[in-house]
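Student: Let's see this in three dimensions:
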Amino acid sequence: MTYVAADDRYSRLPYRRSGRSGLKLPVVSLGLWHNFGDDRPLDVQRAVLRRAFDLGVTHFDLANNYGPPYGSAELNFGRLFAEDFRPYRDELIISTKAGYDMWPGPYGDWGSRKYLLASLDQSLSRMGLDYVDIFYSHRSDPETPLEETMGALDHAVRSGKALYAGISSYSPERTAEAAAILREMGTPLLIHQPSYSMLNRWIEGGLLDTLEREGAGCIAFSPLAQGMLTDRYLHGIPEGSRASQGKSLSPELLTPETIGHVRALNEIAA
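Tutor: Numbering: from 1, shown residues only. Predicted coordinates:
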């Protein structure tokens, strides 16, 4: 059946401006880090994407190596985009990233111009897109000159393959440097994507102040600490959960102290 988006989708969520830009994002975005690889049924992925858009979630966030296997989240999203969301392309913010390992050898990791621009081309091909709205440097590279990494983001924007430039998981100091380089190039830093939650508050130690000064937005990933800030782990580690699979959430983080904090927070939430 042909998908038709809900008529009231823009009455469900507020939208907030990203820094001092002209771009507004929904207060909740959908990240495709997990549950959109080949280990999940495509019909479930389709249902999640449709439900999100019907609720006003206009921002879908990906990265080159989301899966498993690497690249499969973009491939699956591309298929569902072609079947369901192509008529709504101008209503969507689609972002992707490069910076972690993607393919073998010295050109498939970190922050070189060679890697970032090749990865962006691959991402566009997998998703069947002419451009992404935001292209991120996924992490700071301690060995590649920051001017080279930011130059790649600038080129991505000037070539029309991305509309905005972003960074993820950069320190406050590196963020300020990156913003200054991009500003000099004429491509402002739109947004920073850090990990942030009530259990992981590192950005309060300077990054938020830096972003305020630079006029860049901040969009948190893992705001529920990958499920630790829900009731999912209050009674042990469920089968099939992230912690049980040894993926991005280590069971070692589920200490009695952490669970105690989460239990107290759940009582407040209830």
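Student: any idea how far the closest residue in space to W103 that isn't next to it in sequence is from H34?
Tutor: Among residues not flanking W103 along the chain, Y70 sits closest, at 7.8 Å (CB to CB, 6 or more residues apart in numbering). Where C-beta positions appear, they are placed from N, C-alpha and C, glycine not excepted. In this view, Y70 and H34 are 14 Å apart by CB to CB, to the nearest Å.
Student: now swap in D8 and tell me
Tutor: When D8 is compared with H34 (using CB to CB), they lie 29 Å apart.
Student: Same drill for the two, tell me which one is more crowded.
Tutor: Shown here are D8 and H34; by other CB atoms under 10 Å, H34 has more neighbours (19 against 10).
Student: in the sheet, who's paired with V132?
Tutor: Beta-bridge partners of V132, counted by DSSP bridges, are A162.
Student: shouldn't it be in contact with S95?
Tutor: Yes: the criterion here is CB atoms under 8 Å, and V132 meets it with S95 at 6.0 Å.
Student: ok so, going back, assumed the residue nearest to W103 was part of a strand.
Tutor: No: using DSSP: H, G, I helix; E, B strand; the rest coil, the assignment for Y70 is coil, not a strand.
Student: Got the confidence number for P68?
Tutor: Looking at P68, its pLDDT reads 96.
Student: residue ranges of the helices in the stretch 151-270 of the chain, please?
Tutor: Secondary structure of the stretch 151-270 of the chain (DSSP state H, counting those that start in this stretch): helices at 172-185, 207-214, 242-245, 256-269.
Student: any idea which of the ones you listed scores lowest on pLDDT?
Tutor: Among the helices of the stretch 151-270 of the chain, helix 242-245 carries the lowest mean pLDDT (a mean of 88).
Student: which parts of that helix are buried?
Tutor: 242-243 (16 or more other CB atoms under 10 Å).
Student: ok, and what's touching it?
Tutor: Helix 242-245 is contacted from outside by 34, 226-227, 233, 237-238, 248-251, 253-254, using CB atoms under 8 Å, 6 or more residues apart in numbering.
Student: quick one, phi psi at the residue nearest the centre of the chain?
Tutor: Taking CA atoms, centre = their mean, the centroid of the chain lies closest to D61, which sits 4.4 Å from it. Torsion angles at D61 (phi, psi; degrees, to the nearest 10) stand at phi -110, psi 130.
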